[in-house]
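Asks: Have a look; sequence and predicted model below, questions after that.
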Amino acid sequence: MYRVTIRHEYMAVEIGDFIEVIGHEPGYEHGYFEGEVIGDYDGILKIRYEHFVAEKDGPYLVEMVHPDHVRPRPPHVDKDVESFQKGDVVDVLWKDGWWQGIIYDVFDNLNNEMRYEVFYDYMPKYKKYDVCQPMNVRPHQDWISVNNERVWVTPVREEIEEDVKNSILIPLR
């Protein structure tokens with residue numbers, strides 16, 4: 001297979017690499033969406049998303065994306081998804097992307113299945129929450145620059161204010 005390396009200030013990308021696109025459209029600006037690099041046009045990447053479809057039952061969406069909106073997929077963290085605790089910063093698979101949140105509560109539902117209640121405190125005007133299954137949760141990792149190199153770091157556990165539920169809460173659906 002012919003491989004072309006595309007370099008920009010943040011990373012080197014090759015056609016065929018699986019990456020995440022950081023949402024930049026209204027309503028998607030905090031999500032990370034999985035895709036594959038399928039082309040390069042003067043430094044703009046052509047991405048085929050893995051979960052977005054152009055229309056119902058249609059082909060996967062293909063989009064031109066500036067390299068500033070692309071990052072490698074985070075490395076796998078060997079963590080039991082049922083071992084998250086209150087205050088852990090996580091990504092939740094929702095609406096075809098990974099969304100950063102903070103675990104507010106861990107509980108079992110009526111069928112004795114573990115669930116996480118996750119808050120998304122960056123949503124404007126109010127705090128949103130969702131209840132999700134452990135299989136749809138991963139540890140959040142930030143891809144930051146340290147000494148002119150990019151590295152993955154996992155944020156430390158957040159302190160959760162007990163009165164957060166008294167604020168205006170709207171469930172995600």
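Replies: The structure has been received and is ready for your questions.
Asks: Quickly list what the residue most central in space within the chain is bridged to.
Replies: Nearest to the geometric centre of the chain sits Trp98, at 2.8 Å (CA atoms, centre = their mean). Taking DSSP bridges as the rule, Trp98 bridges to Tyr32, Leu93.
Asks: contacting residues for it?
Replies: Trp98 makes contact with Glu20, Gly31, Tyr32, Phe33, Glu34, Asp91, Val92, Arg138 under the criterion CB atoms under 8 Å, 6 or more residues apart in numbering. No exception for glycine: its C-beta is placed from N, CA and C like everyone else's.
Asks: Roughly how far does it sit from Ile22?
Replies: Noted for Trp98: a distance of 10 Å to Ile22, by CB to CB, to the nearest Å.
Asks: and if you look at Val118?
Replies: Val118 is 19 Å from Ile22, by CB to CB.
Asks: now swap in Pro67 and tell me
Replies: Using CB to CB, Pro67 is found at 11 Å from Ile22.
Asks: And the contacts of stretch 21-34?
Replies: Contacts to stretch 21-34, defined as CB under 8 Å, 6+ apart, come from residues 18-20, 35, 47, 49-52, 63, 65, 69-71, 73, 91, 94-100, 120, 122.
Asks: of the residues you listed, buried ones?
Replies: Buried subset of the contacts of stretch 21-34 (neighbour count, 16 or more other CB atoms under 10 Å): 19-20, 35, 47, 49, 52, 63, 65, 69-71, 91, 94, 97-100, 120.
Asks: Looking at the residues you listed, which are in strands?
Replies: Using DSSP state E, the subset of the buried ones among the contacts of stretch 21-34 located in strands is 19-20, 35, 47, 49, 52, 63, 65, 70-71, 91, 94, 97-100, 120.
Asks: Tell me what Arg48 is bridged to.
Replies: Arg48 has these beta-bridge partners by DSSP bridges: Glu36, Val62.
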